[in-house]
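Engineer: the following comprises the amino acid sequence and a computationally predicted model.
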Amino acid sequence: GNSVTQMEGPVTLSEEAFLTINCTYTATGYPSLFWYVQYPGEGLQLLLKATKADDKGSNKGFEATYRKETTSFHLEKGSVQVSDSAVYFCALSDRQMDNNDMRFGAGTRLTVKP
Amino acid sequence: SQTIHQWPATLVQPVGSPLSLECTVEGTSNPNLYWYRQAAGRGLQLLFYSVGIGQISSEVPQNLSASRPQDRQFILSSKKLLLSDSGFYLCARSTGQVADTQYFGPGTRLTVL
């Protein structure tokens, strides 16, 4: 079946450090891949997405590249800020899923210290 | 713009009491709608989804139920809450197109005591 595995947290970084959160997936079809961010007490917000192999999603300085050969979609940011502290979820949606269901990773909590 | 409203924002209920959480969507017709639960410190669990009025699919058997009385309204209910029902409940929508993005509402924090 379809599933997403992401790096366990929590991750604690200093401001301006480089961020990588690993995400790998298993899918039977041709998934679209997503990163969502959840700030404390709020719902999930779409951060970026990629719909086919070699696509790069980017937003707010975050990037992730859809790597079919390694079945990965790692999230990166060159210089994190305190305001990036949140929980990050990797997710996939497979074209072969009838209900447009999404599979989410367990989430990775990021804390950025000044 | 397409907006998702969830009501109430927070709720504290005793064990055994009933529950009704409401989700309404603006700015789109015939959306797919979803209920997720997020337990403390954990990922998202899909509870129900709906592709149209009166059409509900359940992903996890439990004491919760869902209904879609109108195109843009999705309700999560329970007749008798359990302690394990505590969590953060998120409503989401998509257009229903294959592999489309899901967009989430602000969530309802439910505490069962």
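Structural biologist: Perfect, I can see it now.

Engineer: near chain A, which residues of chain B?
Structural biologist: Within chain B, the positions adjacent to chain A are B:4, B:6, B:32, B:42-44, B:46, B:49, B:51, B:57, B:90, B:92, B:94, B:96-107, B:109 by C-beta under 8 Å from any C-beta of the partner chain. C-beta: built from backbone N, CA, C; applies to glycine.

Engineer: which residues of the chain score low on pLDDT?
Structural biologist: You didn't pick a chain, so chain A it is. Applying pLDDT under 70 to chain A flags residues A:95-100.

Engineer: wrong one, chain B
Structural biologist: Residue ranges of chain B with pLDDT under 70: B:1-2, B:61, B:98-99.

Engineer: which ones are touching A:Gly1?
Structural biologist: A:Gly1 makes contact with A:Thr26, A:Thr28, according to C-beta atoms under 8 Å, 6 or more residues apart in numbering or on different chains.

Engineer: measure it to chain B for me?
Structural biologist: Between A:Gly1 and chain B the computed distance is 13 Å (C-beta to the nearest C-beta, to the nearest Å).

Engineer: and the strands in the chain?
Structural biologist: Just so you know, I chose chain A. A:3-6, A:11-14, A:19-21, A:23-26, A:31-38, A:44-50, A:56-59, A:62-65, A:75-77, A:86-94, A:102-104, A:108-113 (DSSP state E).

Engineer: meant chain B actually
Structural biologist: B:3-7, B:10-13, B:19-26, B:32-38, B:44-52, B:55-58, B:64-70, B:73-78, B:87-94, B:103-104, B:108-112.

Engineer: need the ones you listed in TSV with mean neighbour count, can you?
Structural biologist: Converted to TSV, the strands of chain B look like this (neighbours: other C-beta atoms under 10 Å in any protein chain shown):
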stretch	mean neighbour count
strand B:3-7	17
strand B:10-13	13
strand B:19-26	18
strand B:32-38	24
strand B:44-52	20
strand B:55-58	14
strand B:64-70	16
strand B:73-78	20
strand B:87-94	24
strand B:103-104	21
strand B:108-112	18
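
Engineer: bridging residues for the residue nearest to A:Thr70 when sequence neighbours are not counted?
Structural biologist: Distances taken as C-beta to C-beta, 6 or more residues apart in numbering or on different chains put A:Thr24 closest to A:Thr70, at 7.4 Å, once the chain neighbours are dropped. Using DSSP bridges, the bridge partners assigned to A:Thr24 are A:Thr5, A:Ser72.

Engineer: who is the residue nearest the centre of chain B paired with across the strands?
Structural biologist: Closest to where the C-alpha atoms of chain B average out (C-alpha atoms, centre = their mean) is B:Trp35, at 3.0 Å. Assessed by DSSP bridges, B:Trp35 has beta-bridge partners B:Phe48, B:Cys91.

Engineer: OK, contacts around it?
Structural biologist: B:Cys23, B:Leu46, B:Leu47, B:Phe48, B:Tyr49, B:Ala66, B:Phe74, B:Leu76, B:Tyr89, B:Leu90, B:Cys91.

Engineer: change it to 10 Å
Structural biologist: For B:Trp35, the contacting residues are B:21, B:23, B:45-50, B:56, B:58-59, B:64, B:66, B:74-76, B:89-92, by C-beta atoms under 10 Å, 6 or more residues apart in numbering or on different chains.
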